[in-house]
Structures are given as C-alpha cells and as structure tokens.
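Here is the input, now give the coordinates:
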Amino acid sequence: MTVFSQVCLAGLALALFRPKQSWHKTSAKMNASPRLFVMSRLEPLRTSLLVCACAAAMLGACAISNPFVTASVDPASPIAAEVAAKARASRNYPTFADIPSVPSDVRPLPAFGRAADELEVAGVELVRETAPGTWTLTGTEAFAGRARDMAGPETTGPESTTAATEAFAKAQRARATPPPPPR
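Alright, predicted model coming up:
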C-alpha cells in the first residue's frame, strides 16, 4: 500500500466518523430536493393544454352569445321608439375616398423645425439678457416723474387740512392705545 492511499484511507475514516458538518451551508446544498434536477417531459404538455383550454373557453363564450344581437330595449323606456328607429336605419359608412386631401395653406414640415429653432434661439437670448448682473435700477428718475404726472397733483404735505380727518385720526390713535399692563 502506498503512502498516498494510506493518507486517503485515513482521511476517509476521519470523515465518516466526524460528529458535525464540515460547513454550515453544506447540508442545505447537498440535501436539495431531487425535483430541482429532474426534467419533466410533461410540463410543456401541461402548459400547452392549459393555454388551449383557456382559448377554447374564451372562443366558446364569444360564440354562445353576442351582446349586440341579443340586447333588447325596455319597451316602457321613453327612448325605446328612437332606439328601434336608429337600429333599423341604413347608414352610409365612410370610405377612404371621404378622407379630405392635405391642405395647401399649411407650412411645410421643415418650416416647423425652423420655427422651433428660432424659438430656442429667442429663449437663449432672453436668458442671456436677463441674467444676474445684466441690469440695474439706476436712471429711474424719468420713470418716477412720469408716474407722478399720471397720478395727478401732489398734496401739500403729510398733515391734512380737513378738521374732520384730524378728528378721525385722533380717535383712531386713542383707540389703538394698548391697555395698561395688569398689576
């Protein structure tokens, strides 16, 4: 007996009598269910039979009843006569010849693209013109002068000239005085 075979037999003897698993994951991996490894030839057959049965059930349901043929209108309904007249009326259905021709007063498709490009350029220009730091609030005297002219004649000052207004203001000031703090 060679040294190699003696070592193998000694390792086998130790492995057979080992009290615990060698690793915590080997039990689940080594004792897997055999159905995971067995290929059943009946599985595709079952699936195809189920699909055929479902298709037959749906087609059979369509063939049994047609809701457009079997539907009825309640004769006591106020629109029963109108529904019956519309159902019996013969109508001309539209054909492809009824489709109108392409209008000639519409701009061509490339013009839409050019208009979109012009809009994008205008947007970029607007953003550039209104960016922070591109405008200030200086030189507003002319604007303020126009606003004063449009507002009308200026009053003489903050004090009023009417005695009734002064009396009203005095009453409001007295009313707005807070009460003394509680003691």
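
can you count the residues close to residue 116?
10 (other Cβ atoms under 10 Å). (Glycine included, C-beta is placed from N, CA and C.)

Work out for me the element it sits within.
Using DSSP states H and E, residue 116 maps to helix 109-129.

what about residue 175, how many neighbours?
Neighbour count for residue 175, taken as other Cβ under 10 Å: 7.

Next one: it from residue 111, what distance?
70 Å (Cβ to Cβ, to the nearest Å).

Name the spans of this protein whose pLDDT lies under the cut-off.
1-40, 65-71, 155-161 (pLDDT under 70).

now the longest helix seen in it, how far from the centre of its chain.
Assignment by DSSP state H gives helix 42-64 as the longest helix of the chain. In terms of Cα atoms, centre = their mean, to the nearest Å, the gap separating the centre of helix 42-64 from the centre of its chain is 37 Å.

which residues of this protein fall in helices?
Applying DSSP H to the chain gives helices spanning 3-16, 26-30, 42-64, 67-70, 80-88, 109-129, 141-151, 163-175.

Dump these to TSV, plus distance to residue 97.
Compiled in TSV, the helices of the chain are given as follows (distance: least, Cβ to Cβ, whole Å):
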stretch	distance to residue 97
helix 3-16	88
helix 26-30	72
helix 42-64	33
helix 67-70	27
helix 80-88	25
helix 109-129	25
helix 141-151	64
helix 163-175	82
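
Between those, which one is closest to residue 101.
Closest approach to residue 101 among the helices of the chain (Cβ to Cβ): helix 109-129, 16.8 Å.

Run the chain-centre distance for that closest one.
The answer for helix 109-129 is 28 Å, by Cα atoms, centre = their mean.

all numbers from here: first residue = 45
New numbering, starting at 45: the last item is helix 153-173.

what's next to it, contact-wise?
Helix 153-173 has contacts (Cβ atoms under 8 Å, 6 or more residues apart in numbering) with 151, 178.

Mind exporting the C-alpha coordinates of that helix to CSV?
Presented in CSV, the C-alpha positions along helix 153-173 are these (Å, rounded to 0.1, in the frame of the first residue of the first chain):
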residue,chain,number,x,y,z
LEU,A,153,-42.7,70.3,-42.1
PRO,A,154,-39.2,71.8,-42.3
ALA,A,155,-40.7,75.2,-41.5
PHE,A,156,-41.9,73.8,-38.2
GLY,A,157,-38.3,72.8,-37.4
ARG,A,158,-37.0,76.3,-38.3
ALA,A,159,-39.7,77.9,-36.1
ALA,A,160,-38.7,75.7,-33.2
ASP,A,161,-35.0,76.6,-33.7
GLU,A,162,-35.9,80.3,-33.8
LEU,A,163,-37.9,79.9,-30.5
GLU,A,164,-34.9,78.2,-28.8
VAL,A,165,-32.6,81.0,-30.0
ALA,A,166,-35.0,83.6,-28.7
GLY,A,167,-35.1,81.8,-25.3
VAL,A,168,-31.4,81.7,-25.0
GLU,A,169,-31.2,85.4,-25.9
LEU,A,170,-33.8,86.2,-23.2
VAL,A,171,-31.9,84.2,-20.6
ARG,A,172,-28.7,86.0,-21.6
GLU,A,173,-30.3,89.4,-21.4
